[in-house]
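*Asks:* The following block contains a protein sequence and its predicted model.
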Amino acid sequence: MSSIVAKTTSGLVRKAAQSTKKVVGQVRRMGGDPRYPYPKKVWTPSGGWWADHPDGAFRAAKAVTVAYTFVALPAILYCNSVSEYYSIWPNPEKLARHKPQHKTVIGEPPVLADPSEE
């Protein structure tokens, strides 16, 4: 029984290999030749002469991370801060704790006396 299964399996493998060769031949006739020699010093934003750069997935991940960090995250934070609504204003004591530590100067700054005039 096992020899019949082995013969059948090997026959299936052989048929699959033959059909694969047939498909590869059809692809080559349609213009899918193996890669040809190309200049190694070509730079393109997409990653080189061929579209499947070995570092392509890492570059895409970096681009998505940068886009999220500098575009999406600030937009989300801005929208959250704009949509903040108080139905009841917070306790004034609580607000006093979060006031800036410096005081703003309103009006003209004081003019210092010139020591040579005295």
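*Replies:* In hand now; what should we look at?

*Asks:* now Pro39, what's its secondary structure?
*Replies:* On the three-state scheme (DSSP: H, G, I helix; E, B strand; the rest coil), Pro39 is labelled coil.

*Asks:* And it, how close does it get to Pro54?
*Replies:* Going from Pro39 to Pro54 by C-beta to C-beta, to the nearest Å gives 17 Å. Placement of C-beta: from N, CA and C, glycine included.

*Asks:* and what of Ala60?
*Replies:* Computed with C-beta to C-beta, the distance linking Ala60 and Pro54 is 13 Å.

*Asks:* what do the two both touch?
*Replies:* Common neighbours of Ala60 and Pro54 are not found (criterion: C-beta atoms under 8 Å, 6 or more residues apart in numbering).

*Asks:* got the CA positions of whichever helix or strand Cys79 is part of in PDB?
*Replies:* Assessed by DSSP states H and E, Cys79 sits inside helix 73-82. Provided in PDB are the C-alpha atoms of helix 73-82 (Å, rounded to 0.1, in the frame of the first residue of the first chain):
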ATOM      1  CA  LEU A  73       0.000  62.200  16.100                       C
ATOM      2  CA  PRO A  74       0.100  66.100  16.200                       C
ATOM      3  CA  ALA A  75      -3.200  66.200  14.400                       C
ATOM      4  CA  ILE A  76      -4.900  63.800  16.800                       C
ATOM      5  CA  LEU A  77      -3.500  65.700  19.800                       C
ATOM      6  CA  TYR A  78      -4.600  69.000  18.400                       C
ATOM      7  CA  CYS A  79      -8.200  67.700  17.700                       C
ATOM      8  CA  ASN A  80      -8.400  66.400  21.200                       C
ATOM      9  CA  SER A  81      -7.300  69.700  22.700                       C
ATOM     10  CA  VAL A  82      -9.700  71.800  20.600                       C
END
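
*Asks:* That helix packs against which elements?
*Replies:* With contacts taken as 3 or more C-beta pairs under 8 Å, 6 or more residues apart in numbering; DSSP states H and E, helix 73-82 sits against no other helix or strand.

*Asks:* burial of Val42, as a residue count?
*Replies:* Neighbours of Val42 under the rule other C-beta atoms under 10 Å: 9.

*Asks:* Next, give phi and psi for it.
*Replies:* The phi/psi pair for Val42 (degrees, to the nearest 10) reads phi -80, psi 130.

*Asks:* Alright, that wraps it up for me.
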